[in-house]
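J.: the following block contains a protein sequence and its predicted model.
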Amino acid sequence: MMMMSFTNTTSTSASSSQLASSQRITMRGGQASNNLVKMRAQHAFARENRRHASSLVVCAGTGKFVVGGNWKCNGTKDSIDKLCASLNSGKITADVEVICAPPMVYIDRVQSKLKAPYQIAAQNCWVSKGGAFTGEVSAEMLKDANIPWVILGHSERRSLCGETNEFVGLKTKYALDTGVKVVACIGESLAQREAGDTLNVCFAQLKAIVDCVTEKDWENIIIAYEPVWAIGTGKVATPDQAQEVHAGVRKWMSENVSPDVASKVRIQYGGSVNAGNCDELATKPDIDGFLVGGASLDGEAFVKICNSAAHSK
Ligand code: PEP
């Protein structure tokens with residue numbers, strides 16, 4: 001993979017987006033002014049994207065391609081055993097790191113069945129030390145059970161369980177401090193994309209994490225960009241749409257954390273990735289892997305997605 005650098009290091013994106021959002025607050029009264037604000041935000045977003053495009057010299061991270069399978073709340077002992085058998089019999093030929101996230105109750109079972117190169121992740125953990133938190137699982141428990149990864153901030157937890165950016169930031173820090181590596185999910189809703197707020201939303205989600213962690217912590221964080229409108233909908237982002245956001249995220253990381261972290265941090269794309277669309281997505285220079293939901297329940301398809309790493313630049 002290539003290195004990324006930019007000719008322009010001043011943050012134009014934040015200023016135009018901040019302008020748009022402050023206008024939204026001050027002009028709340030009335031549909032007409034809302035439309036006006038929306039239009040201005042869209043123009044600002046377009047301007048911002050033109051600036052991104054003109055300032056981008058070369059793209060891409062330097063980390064190893066990494067594919068995650070988020071099994072969500074699916075499976076039975078029987079179906080999980082079959083999936084493990086199918087994954088074990090598939091041939092992973094590409095240079096790729098692979099992380100499977102089974103439902104919590106089956107983690108131990110999956111861990112005892114899956115062979116290398118598969119690693120295990122939990123789909124969530126608590127924000128602090130365990131105790132009187134009914135239904136939760138602590139990072140200490142994950143560590144004790146030799147589970148090296150946890151997915152945090154998935155859009156389903158944000159929208160269904162009310163997890164805020166700040167909460168996800170705190171969870172990320174706690175998991176890292178406990179010795180559990182984090183796949184941190186970010187991504188915009190359809191309404192936010194249509195309002196021209198995609199990068200703004202992603203940056204706010206990232207900032208809440210950046211505010212909690214150290215520069216060194218980024219060695220143990222993967223960013224998963226998952227547009228909410230593409231998750232489980234069959235509506236995949238085009239390779240160019242995904243690349244545009246990934247490049248924007250990397251630029252933001254360069255300006256707000258460090259160029260070194262920006263080049264090393266891996267940015268996965270997630271949202272209706274399947275065996276048919278993975279190869280083309282993988283060619284994009286800022287896509288360093290995938291986080292896969294539905295298709296990760298099909299062993300053969302998932303192995304094919306893992307092997308799309310061979311197409312990465
Ligand atoms: C996900 O839930 O992380 C996901 C990307 O789901 P899907 O692949 O089904 O869109």
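T.: Arrived safely.

J.: hmm, I223 is touching Q268, no?
T.: Yes: the criterion here is C-beta atoms under 8 Å, and I223 meets it with Q268 at 7.1 Å. Bear in mind the C-beta positions are built from the backbone N, C-alpha and C, glycine included.

J.: the more surrounded of the two?
T.: I223 (27 against 24; other C-beta atoms under 10 Å).

J.: list the contacts of that one.
T.: 184, 186, 206, 249, 265-268 (C-beta atoms under 8 Å, 6 or more residues apart in numbering).

J.: with I287 instead?
T.: Counting by C-beta under 8 Å, 6+ apart, I287 makes contact with 239, 242-243, 246, 267-269, 281, 312.

J.: let's see 6 Å
T.: With contact set as C-beta atoms under 6 Å, 6 or more residues apart in numbering, I287 has these partners: 246, 269, 281.

J.: now, of those, which are buried?
T.: 246, 269, 281 (16 or more other C-beta atoms under 10 Å).

J.: looking at those, which are in helices?
T.: The helices, defined by DSSP state H, take in 246, 281 from those.

J.: of the buried ones among the contacts of I287, just say which sits nearest to the ligand.
T.: Y269 (8.6 Å; C-beta to the nearest ligand atom).

J.: count of neighbours near the residue nearest to that closest one when sequence neighbours are not counted?
T.: Using C-beta to C-beta, 6 or more residues apart in numbering and skipping the chain neighbours, the partner closest in space to Y269 is A242 (4.7 Å). For A242, the count of nearby residues is 24 (other C-beta under 10 Å).

J.: so A242 is in which element?
T.: Using DSSP states H and E, A242 falls within helix 239-256.

J.: report the buried residues of that helix.
T.: 239, 241-255.

J.: who are the contact partners of the residue of the stretch 151-300 of the chain found nearest the ligand?
T.: Residue of the stretch 151-300 of the chain nearest the ligand, by C-beta to the nearest ligand atom: G293 (2.1 Å). Contacts for G293 (C-beta under 6 Å, 6+ apart) come out as 70, 232.

J.: quick one: it from A139, how far?
T.: In this view, G293 and A139 are 23 Å apart by C-beta to C-beta, to the nearest Å.

J.: touching stretch 179-193 from outside, list them.
T.: Residues contacting stretch 179-193 (C-beta under 6 Å, 6+ apart): 68, 139, 142-143, 148-155, 172, 175, 198, 201-202, 205, 209, 220-229.

J.: just stretch 60-78 next, same as before
T.: 1-2, 4, 96-103, 183, 263-264, 266, 285-286, 288-293, 296, 302, 305-306, 309, 312.

J.: R157 versus whatever residue of the stretch 51-200 of the chain ends up closest to the ligand, what's the distance?
T.: The minimum distance from the stretch 51-200 of the chain to the ligand, using C-beta to the nearest ligand atom, falls at N70 (4.3 Å). Separation of N70 from R157 (C-beta to C-beta) stands at 11 Å.

J.: between the two, which is the more surrounded one?
T.: Applying other C-beta under 10 Å to N70 and R157 shows that N70 carries more neighbours, namely 26 against 18.

J.: got the residues of the stretch 101-250 of the chain near the ligand?
T.: Within the stretch 101-250 of the chain, the residues that sit near the ligand (C-beta under 6 Å from any ligand atom) are 226, 231-232.

J.: counting neighbours, which of the residues you listed comes out on top?
T.: Going by other C-beta under 10 Å, E226 tops these with 27 neighbours.

J.: that one and G270 touch, don't they?
T.: Yes: applying C-beta atoms under 6 Å, one finds E226 in contact with G270, separated by 3.7 Å.

J.: and E219, how many neighbours?
T.: 13.

J.: with adjacent residues omitted, what lies nearest to it?
T.: Once flanking residues are discounted, E219 sits nearest to K264: 7.5 Å by C-beta to C-beta, 6+ apart.

J.: list the residues that contact the closest residue to A122 other than its chain neighbours.
T.: Using C-beta to C-beta, 6+ apart and skipping residues adjacent in sequence, the residue nearest A122 is V150, 4.6 Å away. With contact taken as C-beta under 6 Å, 6+ apart, V150 is in contact with 121-122, 125, 175, 180, 182.
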